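Undergrad: Next one to model:
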Amino acid sequence: MEREKLGSRLGFILLSAGCAIGIGNVWRFPYVAGKYGGGVFVLFYLFFLVIMGLPVMTMEFAVGRASRKSVIRSFRELERPGQKWHLHGYVGLAGNYCLMMFYTTVAGWMLYYFYLMLTGRFQGADASGVSGIFADMLGRPGLMLGMMILVVALGFGICSVGLQNGVERITKAMMAALLVIMLALAVHSMSMEGGAEGLQFYLLPDFSRTAQAGLGETVVGAMNQAFFTLSLGIGSMAIFGSYIDKGHTLLKESAYIAVLDTFVAIVAGLIIFPACFAFGISPDSGPSLIFITLPNVFNHMAGGRVWGTLFFVFMSFAAFSTVLAVFENIISCGMDMWGWSRRKSCLINMALLAVLSAPCVLGFNLWSGFMPFGEGSNVLDLEDFIVSSVILPLGSLVYLGFCVSRYGWGFESYLEECNAGDGRRMPRWLGGYLKYVLPFIILFLFLQGIIGKFSS
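TA: Numbers count the residues shown, from 1 in each chain. As a prediction, the model looks like this:
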């Protein structure tokens, strides 16, 4: 069966950026940036994005483009006889499933909140009323299962139409709409009375806040955000590398994707901080920011129902762009491993993911007694920890080792693939850094994530 190809370079960039751009850009980046001194944190973040995120992204793309296979078969295609790098393919596929086991639930929340905003359900609700709506949703397993299944069905339905006609066409439209809606929301937030104070808090370097949080904490926070924002290590980027030609260097393509991802993260802060400061509401982190803090802000705002509806359209698109990208990776694994047609792979995986995603939904209600990390934790926290703190960093180490080690694909083979085409090339002199420094940075992040989880 001839491998499908993306219809355009723009499609590749937007699909890859859509995979990287997700809910974390909005509910984590602005809060962390504010906590660690605004502009100080952003500068550290950009530095680590360039020295950590970009090189590993080029490696994932290189493995995908050279092999023309999904994560399950790419290493086997490129490794030498007797090597075992291909075993990571199974871990990578497990990581894709595990990510979607909780991401589909959260994407369902976005769709439900879009419906609530559109129908005016928040109008007249005070702060406790808004909190009550979120708690009510979490306490209704039937509702949440229905929304999760809707996300799974919509995602695989779009993927079943084909790579170009389904995934690429829909993602292009969603990403274009996402960027337009974000800019409109940001302009509106920044024009509010009192919004300037929020902008100063967010963007002006504040070394006193950095000192208060601790310089070491700030640096580690920036490293974490820069690394995990790109969803590297599970082959969700490599799959799109397998669908493109050698017209452009992979460093050039990776830079475009990192810029788009960073743009969305920074603009999210331009929406959130001015709006929160204008109404004297403290910006929070995590789900409470999106589902409690911001609906309160929209309630205070003139035309808040319209702006709130637009915000949850944007959030739904951000979530769906990731869902479609990861679903595509899962589908292609079925096609590569067992020779399934695209439609058959979609149907089987749709049923499988609907079942696998149920524990996350039930963890908030019927199974709420299961607290893997102590009081207040749930199934979602466990699944997120497995993906973000274990599989992503270790998977990135595998891609790095495979591309730079003489016991893997090798630095020369990686460099040749990475630098094929027009555009900025990965310099050969970086080889020492990639072989002997970057692995220890990623290993440090992995250990720091594990120790931080179990020592807090």
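
Undergrad: Every contact and neighbour count from this point should use C-alpha atoms.
TA: Noted.

Undergrad: which residues of this structure score low on pLDDT?
TA: Counting by pLDDT under 70, the chain shows low-confidence ranges at 1-2, 456.

Undergrad: Please point out which parts of the longest helix seen in it sit buried.
TA: Ranked by residue count, the top helix of the chain under DSSP state H comes out as helix 304-338. Neighbour-count burial for helix 304-338 flags 304-305, 307-336 (criterion: 16 or more other Cα atoms under 10 Å).

Undergrad: got it, and stretch 136-151?
TA: Per 16+ other Cα under 10 Å, stretch 136-151 contains these buried residues: 137, 138, 139, 141, 143, 144, 145, 147, 148, 149, 150, 151.

Undergrad: Secondary structure added to those, as CSV?
TA: As requested, the buried residues of stretch 136-151 are exported to CSV (DSSP: H, G, I helix; E, B strand; the rest coil):
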residue, secondary structure
137, helix
138, helix
139, coil
141, helix
143, helix
144, helix
145, helix
147, helix
148, helix
149, helix
150, helix
151, helix
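
Undergrad: what's the distance between the residue nearest to residue 279 when sequence neighbours are not counted and residue 287?
TA: Nearest non-adjacent residue to residue 279, counting by Cα to Cα, 6 or more residues apart in numbering: residue 297, 6.7 Å away. Separation of residue 297 from residue 287 (Cα to Cα, to the nearest Å): 15 Å.

Undergrad: Counting by contacts, list what the helix or strand where the residue nearest to residue 279 lies packs against.
TA: Using DSSP states H and E, residue 297 sits within helix 294-300. On a contact count with 3 or more Cα pairs under 8 Å, 6 or more residues apart in numbering; DSSP states H and E, helix 294-300 meets helix 127-138, helix 250-278, helix 304-338.

Undergrad: what about it, distance to the chain center?
TA: For helix 294-300, the gap between its own C-alpha mean and the chain's C-alpha mean amounts to 25 Å (Cα atoms, centre = their mean, to the nearest Å).

Undergrad: List the neighbours of that helix that are in contact with it.
TA: 122-127, 130, 272, 275-276, 279, 281, 304-305, 307-308 (Cα atoms under 8 Å, 6 or more residues apart in numbering).

Undergrad: what about the closest residue to residue 79 other than its chain neighbours, neighbour count?
TA: Nearest non-adjacent residue to residue 79, counting by Cα to Cα, 6+ apart: residue 409, 5.8 Å away. For residue 409, the count of nearby residues is 20 (other Cα atoms under 10 Å).

Undergrad: Residue 443 too?
TA: For residue 443, using other Cα under 10 Å, the count is 15.

Undergrad: I'd assumed it was in a strand, is it?
TA: No: using three-state DSSP, the assignment for residue 443 is helix, not a strand.

Undergrad: so who does it touch?
TA: Contacts for residue 443 (Cα under 8 Å, 6+ apart) come out as 393, 394, 397.

Undergrad: between these, which is nearest residue 454?
TA: residue 393 (17.2 Å; Cα to Cα).

Undergrad: measure that closest one to residue 234 for me?
TA: From residue 393 to residue 234 the distance is 9 Å (Cα to Cα).

Undergrad: of those two, who's got more company?
TA: Per other Cα under 10 Å, whichever of residue 393 and residue 234 has more neighbours is residue 234, with 32 against 25.

Undergrad: With the flanking residues excluded, which residue is spatially nearest to the more buried one?
TA: residue 92 (4.2 Å).

Undergrad: now residue 356
TA: Closest to residue 356 by Cα to Cα, 6+ apart is residue 101, at 5.9 Å.

Undergrad: Between helix 304-338 and the helix or strand containing the one you found, find me the angle.
TA: For residue 101, the enclosing helix or strand under DSSP H and E is helix 87-118. Orientation of helix 87-118 against helix 304-338 (axes from the mean of the first three to the mean of the last three Cα atoms, to 10 degrees) gives an angle of 160 degrees.
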